[in-house]
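**Q** Fold the following.
(one chain, ligands or ions: 1)
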Amino acid sequence: MTTLLLNHADVLVTMDAERHEIRDGGVFIRDGVIEAVGPSDSLPAYADEVVSLAGCVAMPGLVNTHHHMYQSLTRAIPGAQDAELFAWLRRLYPIWAGITPEMIRVSTQTAMAELILSGCTTSSDHLYLYPNGARLDDSIEAAAEIGMRFHAARGSMSVGESAGGLPPDRLVEDEAAILKDTQRLIETWHNPARHAMQRIVVAPCSPFSVSRDLMREAANLARSFGVSLHTHLAENDNDIAYSREKFAMTPAQYAESLGWVGPDVWHAHCVKLDAEGIALFARTGTGVAHCPCSNMRLASGIAPIPAMRAAGVPVGIAVDGSASNDSGHLLAETRQAMLLARVGFGPAAMSARQALEIATLGGAKVLGRDDIGALAPGMSADIVAFGLDSLDLTGAAVHDPVAALLFCTPPSVRHSIINGRRIVSDGTLVPIDLPVLIERHNRLAVELLNAR
Ligand SMILES: [Zn+2]
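**A** Numbering: from 1, shown residues only. Now for the predicted structure:
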């Protein structure tokens, strides 16, 4: 048994049922699980390890609900900088065809390092292409090495150009092989237990890259194992046009017709989800991964997040893939969600605390978890702390330290604890040598582009 005491946070944001914010707060952790939360003087005085969070705001680790980590190798690629979704994909698919297992491992750790330093402790990743022997196992092992809580989504593409899909034929897989490998991954890695560090998600890439049959079969497979379902939906106007032309349905109607709604399903983007779709998602508990930077970057539009939340749709924040953001800073993404909601729906559309709630409790709900997203006894010990003494926060943290994190330049974490383990200590990522990782990642990024 090991215990860890975090104490003296200037403010501890609990995200508990009453949204308590505790002055001079702390958390007592035993074996990776929170045992007590409260004012520092109410907590046990001794632990195997004690970390002072004086000068920090502490909060539950943020949850990233959608990503394509391999894309860290192809950020800001010339020719894909100023395109909408479909043209952007057509430019990048041929480059991605050169991805190797080593590239998956290194880019996954790079993306996770960036997420972790920005306050994220749990992430999903949607990997949907497997050229040159790449496997989802490469991502999962990379995540375990860096110590991040991970929902690995087994993506797939099965309808290539010759069959009317968007991806080139050489990047698509056989549907029976996709389902077989997905089942293998669930049986090998999926942990349904509370406080699990690894879960598998069944995740055909999008309606424009897989068949109806695969969507249906994927849902059946996921439900037979009790795992979640994830895909892209209603991302932009072209996506809607494709759905109307190919299926004579809106994306929401298409999803419903395939069994792709329910509390075990979440869809990325949903920028163009209509009123009927919002009502459907609310009624069925279907979740949404909101990706504001990607939606701005690709000019997809402004997702109706306030309307979704008002209707009761579970919403989480996501950075989306690194080739359409091209930042993986989750606190910054949360800030953009707050700002973009205001552009679309007025200055009261999303407060700083509502944005944080979406990034913590919202993300947890979307991923189907009740053990992360809040600091309370019995929850997983995923806690991040941001220092308040930086130039970026000066003149703001003294007034409202919690809101300052959202309104000012988003800082990196000073401390990050994931599953009770210290992953960032005084600003340093502990499990990985970051300069070595960056050098290796840059070398592979150049190799990938030159391989074509
Ligand atoms: Zn995506």
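
**Q** check contacts around the residue nearest to the spatial centre of the chain.
**A** The centroid of the chain falls nearest to residue 64 when counting by CA atoms, centre = their mean (2.2 Å). Counting by CB atoms under 8 Å, 6 or more residues apart in numbering, residue 64 touches 115, 120, 122-124, 316-319, 330, 333, 363. For every residue, glycine as well, the C-beta is placed using N, CA and C.

**Q** Now it: closest residue in space that isn't a chain neighbour?
**A** In space, and not counting its chain neighbours, residue 64 is closest to residue 123: 4.1 Å by CB to CB, 6 or more residues apart in numbering.

**Q** isn't that neighbour right up against residue 148?
**A** Yes: in this structure, residue 123 is within contact of residue 148 by CB atoms under 8 Å, at 6.2 Å.

**Q** Just give me the residues shared between the contact sets of these two.
**A** Contacts common to residue 123 and residue 148, judged by CB under 8 Å, 6+ apart, are 112, 115.

**Q** hmm, who's touching stretch 174-183?
**A** Stretch 174-183 is touched from outside by 135-136, 154, 156, 158, 200, 202, 204, 210-211, 213-214, 217-218, 221, 225, with contacts defined as CB under 8 Å, 6+ apart.

**Q** How about stretch 104-116 and the ion, any contact?
**A** No: taking CB under 5 Å from the ion as the criterion, stretch 104-116 and the ion are apart, separated by no less than 12.8 Å.

**Q** which element is residue 202 on?
**A** Following DSSP states H and E, one finds residue 202 within strand 198-204.

**Q** for the following helix or strand past that strand, packing partners?
**A** Counting by DSSP H and E, the element after strand 198-204 in chain order, helix or strand, is helix 212-225. Where contact means 3 or more CB pairs under 8 Å, 6 or more residues apart in numbering; DSSP states H and E, helix 212-225 is packed against helix 175-189, strand 198-204, strand 228-233.

**Q** buried sites along stretch 247-257?
**A** Using 16 or more other CB atoms under 10 Å as the test for burial, stretch 247-257 gives 250-256.

**Q** of those, closest to residue 5?
**A** Checking these against residue 5 with CB to CB, the nearest one is residue 255 at 46.0 Å.

**Q** mind checking how far the closest one is from the ion?
**A** Distance check for residue 255 against the ion: by CB to the ion, to the nearest Å, it reads 16 Å.

**Q** list the helices and strands the helix or strand hosting that residue packs on?
**A** Using DSSP H and E, residue 255 sits within helix 251-257. Secondary-structure packing of helix 251-257 (3+ CB pairs under 8 Å, 6+ apart): strand 228-233, helix 237-247, helix 275-284.

**Q** which of those sits most buried?
**A** Counting by mean count of other CB atoms under 10 Å, strand 228-233 has the highest mean neighbour count of the helices and strands packed on helix 251-257, with a mean of 28.

**Q** quick one: which of the contacts of residue 64 is most hemmed in?
**A** Counting neighbours by other CB atoms under 10 Å, residue 363 leads the contacts of residue 64 with 35 neighbours.

**Q** average model confidence for the helix or strand that contains it?
**A** Per DSSP H and E: residue 363 is located in helix 363-366. Regarding helix 363-366, the rounded mean pLDDT is 98.

**Q** do stretch 146-157 as well
**A** 98.

**Q** Just the C-alphas of it, formatted as CSV.
**A** Extracted as CSV, the C-alpha positions of stretch 146-157 are listed here (Å, rounded to 0.1, in the frame of the first residue of the first chain):
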residue,chain,number,x,y,z
ILE,A,146,4.3,7.2,-20.6
GLY,A,147,1.7,6.4,-18.0
MET,A,148,-1.4,8.0,-19.6
ARG,A,149,-5.0,6.6,-19.1
PHE,A,150,-5.9,5.5,-22.6
HIS,A,151,-9.0,4.7,-24.6
ALA,A,152,-7.6,3.2,-27.8
ALA,A,153,-10.1,3.4,-30.6
ARG,A,154,-9.7,0.7,-33.3
GLY,A,155,-10.5,2.8,-36.4
SER,A,156,-10.8,1.5,-39.9
MET,A,157,-11.4,2.3,-43.5
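
**Q** hmm, it touching the ion?
**A** No: Stretch 146-157 lies out of reach of the ion by CB under 5 Å from the ion, never closer than 9.2 Å.

**Q** how far out from the middle of the chain is that stretch?
**A** The chain centre lies 10 Å from the centre of stretch 146-157; the measure is CA atoms, centre = their mean, to the nearest Å.

**Q** try stretch 174-185
**A** Using CA atoms, centre = their mean, the offset of stretch 174-185 from its chain centre is 24 Å.

**Q** now do stretch 5-21
**A** 23 Å.

**Q** Report the buried residues of it.
**A** Quick answer for stretch 5-21 (16+ other CB under 10 Å): 5-16, 20-21.

**Q** any chance of those residues in a markdown table, plus secondary structure, pLDDT and distance to the ion?
**A** Putting the buried residues of stretch 5-21 into a markdown table (DSSP: H, G, I helix; E, B strand; the rest coil; pLDDT from 0 to 100; distance: CB to the ion, whole Å) gives the following:
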| residue | secondary structure | pLDDT | distance to the ion |
| --- | --- | --- | --- |
| 5 | strand | 98 | 39 |
| 6 | strand | 98 | 34 |
| 7 | strand | 98 | 39 |
| 8 | strand | 98 | 40 |
| 9 | strand | 98 | 34 |
| 10 | strand | 98 | 36 |
| 11 | strand | 98 | 34 |
| 12 | strand | 98 | 33 |
| 13 | strand | 98 | 28 |
| 14 | coil | 98 | 31 |
| 15 | coil | 98 | 26 |
| 16 | coil | 97 | 31 |
| 20 | coil | 98 | 35 |
| 21 | strand | 98 | 33 |
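
**Q** so residue 76, which of the three states?
**A** coil (DSSP: H, G, I helix; E, B strand; the rest coil).

**Q** so residue 338 makes contact with residue 351?
**A** Yes: with contacts counted by CB under 8 Å, residue 338 reaches residue 351, the gap being 7.4 Å.

**Q** any shared contact partners between those two?
**A** What both residue 338 and residue 351 touch, as defined by CB under 8 Å, 6+ apart, is an empty set.

**Q** The two: who's more crowded?
**A** For the pair residue 338 and residue 351, the greater number of neighbours falls to residue 338 (24 against 15), based on other CB under 10 Å.

**Q** Please, which helix or strand holds the more buried one?
**A** helix 330-345.

**Q** Name the residues of that helix that are buried.
**A** So for helix 330-345, counting by 16+ other CB under 10 Å, buried means 330-341, 344.

**Q** Check those residues against the ion and report the nearest one.
**A** Proximity of these to the ion (CB to the ion) peaks at residue 333, which lies at 13.2 Å.

**Q** so what's the residue of the stretch 351-452 of the chain found nearest the ion up against?
**A** Proximity of the stretch 351-452 of the chain to the ion (CB to the ion) peaks at residue 366, 14.2 Å away. Counting by CB under 8 Å, 6+ apart, residue 366 makes contact with 63, 65, 266, 287-289, 314-316.
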